[in-house]
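Asker: here you go, sequence then predicted model.
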Amino acid sequence: MTAFELNVDKPVTLEMTGKFVAPSADWIHLSRILHDYELIVMTEGVLYLAGDSQQFAVSKGEYLLLPPLTKQYGYKSSECSFYWLHFQPVSSIQVADSAACTYDKGDNRILLPQSGTLRSLEKIIVMMKQLQDSVRNYNQDTLNSYMSTVILCELYNQCCDTNADQLKKTKQEQLYNDVVDYIKWSRSEHIKVSQIADYFGYNAKYLSHLFTVISGISLKQYILQQKMELAKYLLTDTNQNISEVSLQLGYKDCHNFMKSFKKIVGLTPTDFRNAYAKRLLFYK
């Protein structure tokens with residue numbers, strides 16, 4: 001698969017950004033020639049998009065990066081939604097992606113595979129929403145370009161974490177990864193440490209200690225952090241009220257949710273939502 005080496009010694013130049021929501025299941029992406037890089041981050045459905053002669057089917061939780069001069073066109077209709085970001089790097093080259101996840105040329109370059117799956121879609125969405133809020137409220141080119149660069153660096157870290165394979169070398173580290181995956185899939189439930197320990201067949205104290213040694217934080221704290229990451233996504237990218245968000249995260253008492261959110265994030269759920277209430281929404 002193709003990959004792109006981007007120079008981030010200086011910030012990329014933001015051209016434009018927004019969120020697109022298809023108006024119906026009959027929508028199909030327009031045809032055009034790209035004049036800059038476009039990053040697409042899928043939030044719902046599947047986008048059927050071609051770049052030159054290559055066809056992509058990009059699903060929720062995945063991204064696609066297309067370079068300048070690409071002939072872009074939809075090849076199949078679908079009802080979907082995605083965030084998009086057009087930018088120009090200081091410099092870039094197209095390379096083979098065979099060594100993408102072990103790439104190391106210093107802090108001023110990142111290597112991004114053309115497409116991939118995100119480890120934390122919610123985190124990227126919140127960052128995209130923060131960028132949109134900056135565009136709407138400040139419209140300062142330098143600030144917006146730096147924020148765009150941070151998003152690309154986060155994308156690189158999510159897709160090309162060189163420590164990912166190292167964490168699977170031992171049985172204990174494999175167990176840690178399995179626990180992390182279990183928590184991410186169960187964030188909308190009221191999960192406890194004892195429940196996770198029973199599921200994997202380990203003593204709760206042993207599992208908690210193991211998790212803390214590897215991650216640096218307690219298992220209970222990690223569960224809470226992951227719930228709040230999902231909460232931030234729901235508050236910024238949906239119209240659910242606070243009570244609905246609370247229920248979706250497995251809280252029976254909305255006040256307990258608000259207290260936990262304030263403790264972790266530093267803002268109340270309402271203040272957090274109001275800080276990023278403006279969307280750059282497109283239906284074309």
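Answerer: Received it, and whenever you're ready, just let me know what you need.

Asker: show me the domain layout of the chain.
Answerer: 2-159, 166-275 (automatic domain parsing).

Asker: want to throw those domains into TSV with mean neighbour count and mean pLDDT?
Answerer: Quick note: C-beta positions are derived from backbone N, CA and C, even for glycine. Shown next, in TSV, are the domains of the chain (neighbours: other C-beta atoms under 10 Å; pLDDT from 0 to 100):
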stretch	mean neighbour count	mean pLDDT
domain 2-159	17	90
domain 166-275	16	88
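
Asker: how far is stretch 41-61 from where the chain is centred?
Answerer: Relative to the centre of its chain, stretch 41-61 is centred 16 Å away, using C-alpha atoms, centre = their mean, to the nearest Å.

Asker: list of residues touching that stretch?
Answerer: Identification of contacts with stretch 41-61 by C-beta atoms under 8 Å, 6 or more residues apart in numbering yields 19, 22, 28-29, 40, 62-64, 66, 70-85, 115, 117-118, 121, 124-125, 128, 237.

Asker: same check, this time on stretch 108-120
Answerer: 1-9, 41, 56, 58, 61-66, 95, 97, 100, 103, 105, 124, 152-153, 155-156, 158-161, 229.

Asker: from these, which land in helices?
Answerer: 124, 152-153, 155-156, 158-159, 229 (DSSP state H).

Asker: what's the farthest-apart pair in those?
Answerer: L152 and E229 (19.8 Å; C-beta to C-beta).

Asker: which residues touch stretch 214-225?
Answerer: Against stretch 214-225 from outside (C-beta under 8 Å, 6+ apart): 167, 172-173, 176, 179-180, 183, 191, 193, 196, 207-208, 211-212, 260, 264.

Asker: the same query, at a cut-off of 10 Å, please.
Answerer: For stretch 214-225, the external contacting residues (C-beta atoms under 10 Å, 6 or more residues apart in numbering) are 167, 170, 172-173, 175-177, 179-180, 183, 186-187, 191-193, 196-197, 204, 207-212, 260-261, 263-265.
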